[in-house]
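K.L.:
sequence and computational prediction follow.
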Amino acid sequence: MAMSEQVFFILTALVGEPRHGYGIVGEVAELSEGRVKLKVGTLYGALDRLTAEGLVEHDREEVLQGRLRRYYRLTRSGADAVATEAARQHANAEAATARLRGWQARHA
Amino acid sequence: MTELERRYRAVLRLLPRWYRECWEEDMVATFLAGELGRVEVGNPFVTGEIVNDGVVDFDQAGLGSALDDLAEARETAGGDVTLVGATGPTSGTGDVGTSAGFESGNPVAATEVGHPDTLDQAEYAAEFGRPALAEVASVAALALRLRLGGGGAPERSLAVGAGVRVAVLGGLLVLAAPSAFDFFAGPWLVAFLFVLFGRFQAGRAAALVGVASAAVSAVRTTVEAVGGASSFVVSQWVAVLLGVGLVLGISAFHEDAPARDTRPWLVVLAVAFGAAVLVMLVGATRPDQASVLDWPAVCCVAWYGLALVPLFWPPAHGRPVTLALALLGAAVSVVRLATALDLASFPGSGEVAAAALIEGVVVLVVAVLVSVWALRALPPRPGVRVG
């Protein structure tokens, strides 16, 4: 089953370095050029499910100004899932681009 | 604790306790960071948090582009740069490391979108602000999904979700059956078929049309009732509420839910069509509309029959069907009692109303017993999980 856009961006936001909740929200907004704006309930629903599925795991906790910050990192399975989804989207985009190229050539 | 935090924590109480114990502090920290501490510099997607007066802790990934933005802004302005955030306009040309310090200066070239831009406003938001409706909705949707067995939910929620799915399909079927002769029941048939075949979003949309149609009908009947006419005004409003419950219940059909065997449901739908037509024909012989054999009565009889299943088929005990029977029993009894009230308003319908009242009470009592049985059969409440 195709991964939802929100889940895809959450996992992609965790590629390379662990992030805390608000860090993920900001990174997803940046990656999607502002199209995907995660609400807190949406983010944690996804994080809980991804943790249960083994795609994301708890990294560490930090206390900043008396508040607990929990960091999350991508697991190997999570990285594989992102890679698979990225390949699928890439293949889709290539197929569409090829078709469009042919159509544009005929209608030029 | 600020008032904003207290209000957000109150919203989080919608979530199951086991979930709050695991995620509440994290969610609160993320929410408050978003509401009070975000700083946007030039590029609205470069964010940081104010950790002290005049010190901005940029998210690591945004740091490089934040520095570029600062340099560009400084060059354009020929001087100082303003950052806008919870501690108010802070400007400067200072050094930037993993955090950035700024001194007072002339404010220029900063971007802030939808966030407090002075200390006073930030303090005001903290003390008097409320979580946005969209944030509340996201928490409510999460709470509903978790309680109905959504991703990562414990066994008890999974069992509740399975029971609710059976009850929702049963409820949609009951509302869909009259579409055999009633055009206005059509949306419920569409909703039933969409949900049965896995098109949950479309099913929810069709059910919403059904609720809207029922609401229009209820308003019209209410106006007639105010004019003194005998009518089914109470039962029509109950139908609207049950329709809303079904729309919410469709949330139990999520991507983690197992696929259903559609054939038995289609067979039951065909039988229900036949029963609905029979009721319509009998009702047509009673121009006063107060018939002892109406659709709620058929539902009561069908429910009695189904309620015997766990008695004679022990494996059903503890399965989703028991919880579904409890939910459907509660719904059927409420509808029957509502129609009993309405029937009492029809001239010469005292006996029919009394029969309906007895039916409703009996279903209610048995439904309570089945509910106790169903609740006892559910897996125990989960303990605290470590995230």
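P.N.:
Now that the structure is in, tell me what you want to look at.

K.L.:
please make it C-alpha for all contacts and neighbour counts, starting now.
P.N.:
Fine.

K.L.:
what parts of chain A come near chain B?
P.N.:
A:21-23, A:26-27, A:29-30, A:33-34, A:39-42, A:44-45, A:48-49, A:51-53, A:57-58, A:65, A:67-70 (C-alpha under 8 Å from any C-alpha of the partner chain).

K.L.:
helices - which of those residues land there?
P.N.:
Members of these lying in helices (criterion: DSSP state H): A:21-23, A:26-27, A:29-30, A:40-42, A:44-45, A:48-49, A:51-52.

K.L.:
max pairwise distance over those: which two?
P.N.:
A:E30 and A:A52 (26.1 Å; C-alpha to C-alpha).

K.L.:
pLDDT score assigned to residue 90?
P.N.:
All of this is about chain A. Looking at A:H90, its pLDDT reads 95.

K.L.:
wrong one, I was asking about chain B
P.N.:
37.

K.L.:
what's the angle between the helix or strand hosting A:D80 and helix A:40-52?
P.N.:
Assigned by DSSP states H and E, A:D80 belongs to helix A:76-106. Using axes from the mean of the first three to the mean of the last three C-alpha atoms, to 10 degrees, the direction of helix A:76-106 lies 110 degrees away from that of helix A:40-52.

K.L.:
which residues of chain B score low on pLDDT?
P.N.:
Within chain B, the ranges that satisfy pLDDT under 70 run B:36-128, B:150-152, B:255-256, B:283-292, B:310-311, B:313-318, B:382-387.

K.L.:
show me where it has its strands.
P.N.:
B:38-41, B:43-52, B:55-58, B:81-83, B:90-92, B:100-101 (DSSP state E).

K.L.:
what's the residue lying closest to B:E224 once chain neighbours are set aside sitting at in phi/psi?
P.N.:
Leaving aside its sequence neighbours, B:E224 sits nearest to B:S231 (C-alpha to C-alpha, 6 or more residues apart in numbering or on different chains; 7.6 Å). Main-chain dihedrals, B:S231, degrees, to the nearest 10: phi -160, psi 170.

K.L.:
what do you get for B:P16?
P.N.:
Dihedral angles (degrees, to the nearest 10) for B:P16: phi -60, psi 150.

K.L.:
just B:R130 next, same as before
P.N.:
Per degrees, to the nearest 10, the backbone of B:R130 is at phi -130, psi 150.

K.L.:
count of neighbours near the closest residue to chain B within chain A?
P.N.:
For chain A and chain B, the shortest gap (C-alpha to the nearest C-alpha) falls at A:G41, measuring 4.4 Å. Around A:G41 there are 23 other residues, counting by other C-alpha atoms under 10 Å in any protein chain shown.

K.L.:
that one reaches B:S138, doesn't it?
P.N.:
Yes: at 4.7 Å, A:G41 and B:S138 qualify as touching, with contact defined as C-alpha atoms under 8 Å.

K.L.:
returning to what we had before: which among the residues of chain A next to chain B count as buried?
P.N.:
Buried by 16 or more other C-alpha atoms under 10 Å in any protein chain shown: A:21-23, A:26-27, A:29-30, A:39-42, A:44-45, A:48-49, A:51, A:57-58, A:68-70, out of the residues of chain A next to chain B.

K.L.:
quick revisit: now the residue of chain A closest to chain B: how far from B:P264?
P.N.:
According to C-alpha to C-alpha, to the nearest Å, A:G41 stands 37 Å off from B:P264.

K.L.:
and for A:A52?
P.N.:
33 Å.

K.L.:
do the same with B:A206
P.N.:
22 Å.

K.L.:
okay, those two: which has more neighbours?
P.N.:
Using other C-alpha under 10 Å as the criterion, B:A206 and B:P264 rank with B:A206 on top: 23 against 9.

K.L.:
got the contact list for the more buried one?
P.N.:
Contacts for B:A206 (C-alpha atoms under 8 Å, 6 or more residues apart in numbering or on different chains) come out as B:P187, B:W188, B:V190, B:A191.

K.L.:
neighbours of the third one, how many?
P.N.:
Other residues within reach of B:V190, judged by other C-alpha under 10 Å, total 21.
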